[in-house]
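Novice: give me the fold of what follows.
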Amino acid sequence: MSDLIYGLDFVTEDRARSVTTERRPVRIALILIAVAFLTIFLLLPLVSVFSEALRAGLGAYWEAISEPDALAAMRLTLLVAAIAVPANFLFGLAASWAIAKFEFPGKSVLNTLIDLPFSVSPVISGLVYVLLFGLQGYFGAYLQSEGIQIVFAVPGIVLATIFVTFPFVARELVPLMQEQGIGDEEAAISLGASGLKTFLFVTLPNVKWALLYGVILCNARAMGEFGAVSVVSGHIRGKTNTMPLHVEILYNEYNFAAAFAVASLLALLALVTLVVKVALEWRFADQISASGRH
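Specialist: So this is what the prediction gives:
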């Protein structure tokens, strides 16, 4: 019997090696395909953006990113991110805490609705706000009578950005909180800690890296969002144009040097986000393994 078990283990191990171990030419071919794909679809576009941005010289580059409309677009982009990211920070933290640590009616519905922006086109999400708050929308007449403008103004841009970015924080926290369970919180409460102290000194430190990781992704998406913001902004130059919309206007005007100059700032943001993301993934992986051993 022991010989049979040993034989089965040997066959299983041999099959695992045959499945996971490829010949050297196959491995080299796969690596070359991956490198070629990344070069064509990632590196070359980035290089072309920066080369086109600097083609006219540093003077023209500086002039493009320092002219009033470009500065207004940068300020608006930062303002929208400064509002949307903290809002999603609070929502994502509260929603993930509720989903992972408590049982309540409608929990599965809440968990499903968090993914809604991933399945809805950003253009459609922007159109929803136009139908709600636009002049011909459900609340448009009332808002106009009160002198409140949401669509084609900063509030509409903020609402659309919050909608398309709110899953990022929650989706990073929920799986980690579910894996960690409620053992640490129960221990803290049994030792006399209040609910607030348990959250601040037990729950929050356990998810700090995942939380920061979600905030980084949320901020990157908020600054680079185009579809939803394009619908609700009205494209008012110098007032409701974010950086992606400003790039589109410059490109449509055949001002390619200025368009690529502003686009290079967004590319730099993406590169910085990528570096921070990789660093946090490394730290986040250590945290997951530690929580699993615990």
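
Novice: what sits up against the helix or strand containing P25?
Specialist: Assigned by DSSP states H and E, P25 falls within helix 24-38. For helix 24-38, contacts defined as C-beta atoms under 8 Å, 6 or more residues apart in numbering pick out E22. Yep, even glycine has a C-beta here, placed from its N, CA and C like the rest.

Novice: and that helix, how far out from the chain middle?
Specialist: 29 Å (C-alpha atoms, centre = their mean, to the nearest Å).

Novice: could you give the angle of whichever helix or strand comes after it to helix 24-38?
Specialist: Helices and strands here follow DSSP H and E; after helix 24-38, the next one along the chain is helix 44-53. In terms of direction (axes from the mean of the first three to the mean of the last three C-alpha atoms, to 10 degrees), helix 44-53 departs from helix 24-38 by 30 degrees.

Novice: list the helices and strands helix 44-53 packs on?
Specialist: helix 256-293 (3 or more C-beta pairs under 8 Å, 6 or more residues apart in numbering; DSSP states H and E).

Novice: the helix it packs on vs helix 44-53, what angle?
Specialist: 140 degrees.

Novice: now helix 256-293: buried residues?
Specialist: Within helix 256-293, the residues scored as buried using 16 or more other C-beta atoms under 10 Å are 257-267, 269, 273, 276-277, 280, 284, 287, 291.

Novice: and that helix, what does it pack onto?
Specialist: Checked by 3+ C-beta pairs under 8 Å, 6+ apart, helix 256-293 has helix 44-53, helix 58-66, helix 68-101, helix 167-180, helix 208-224, helix 243-252 packed alongside it.

Novice: export these to CSV and tack on distance to T198?
Specialist: Putting the helices and strands packed on helix 256-293 into CSV (distance: least, C-beta to C-beta, whole Å) gives the following:
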stretch, distance to T198
helix 44-53, 45
helix 58-66, 47
helix 68-101, 10
helix 167-180, 13
helix 208-224, 15
helix 243-252, 41
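
Novice: same list, those, but as a markdown table with mean neighbour count, distance to L110 and mean pLDDT please.
Specialist: Formatted as a markdown table, the helices and strands packed on helix 256-293 follow (neighbours: other C-beta atoms under 10 Å; distance: least, C-beta to C-beta, whole Å; pLDDT from 0 to 100):
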| stretch | mean neighbour count | distance to L110 | mean pLDDT |
| --- | --- | --- | --- |
| helix 44-53 | 14 | 38 | 89 |
| helix 58-66 | 14 | 42 | 91 |
| helix 68-101 | 19 | 6 | 93 |
| helix 167-180 | 21 | 10 | 89 |
| helix 208-224 | 21 | 17 | 89 |
| helix 243-252 | 19 | 31 | 93 |
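
Novice: buried stuff in the helix holding P25?
Specialist: Of the residues in helix 24-38, none is buried (16+ other C-beta under 10 Å).

Novice: before we move on, back to that, closest to Q149 out of the helices and strands packed on helix 256-293?
Specialist: Among those, helix 68-101 comes nearest to Q149, with 15.3 Å by C-beta to C-beta.

Novice: what is the closest one packed up against?
Specialist: helix 107-113, helix 154-165, helix 167-180, helix 208-224, helix 243-252, helix 256-293.

Novice: and the longest one, how far from the chain's centre?
Specialist: Relative to the mean C-alpha coordinate of its chain, helix 256-293 is positioned 10 Å out (C-alpha atoms, centre = their mean).

Novice: same deal with the shortest one?
Specialist: The chain centroid and the centroid of helix 107-113 are separated by 20 Å, computed with C-alpha atoms, centre = their mean.

Novice: name the helices or strands packed onto it?
Specialist: Where contact means 3+ C-beta pairs under 8 Å, 6+ apart, helix 107-113 is packed against helix 68-101.

Novice: by how many degrees do the helix it packs on and helix 167-180 diverge?
Specialist: Helix 68-101 runs at 20 degrees relative to helix 167-180, counting by the same axes, to 10 degrees.

Novice: chain center to helix 68-101: distance?
Specialist: 10 Å.

Novice: same deal with stretch 179-195?
Specialist: In this view, stretch 179-195 has its centroid 30 Å away from the chain centroid, taken as C-alpha atoms, centre = their mean.

Novice: in it, which residues are buried?
Specialist: Those would be 180, 184-185, 188, 193, for stretch 179-195 by 16+ other C-beta under 10 Å.

Novice: likewise for stretch 102-117?
Specialist: Buried-residue list, stretch 102-117, by 16+ other C-beta under 10 Å: 111, 114, 117.

Novice: sounds good, over and out.
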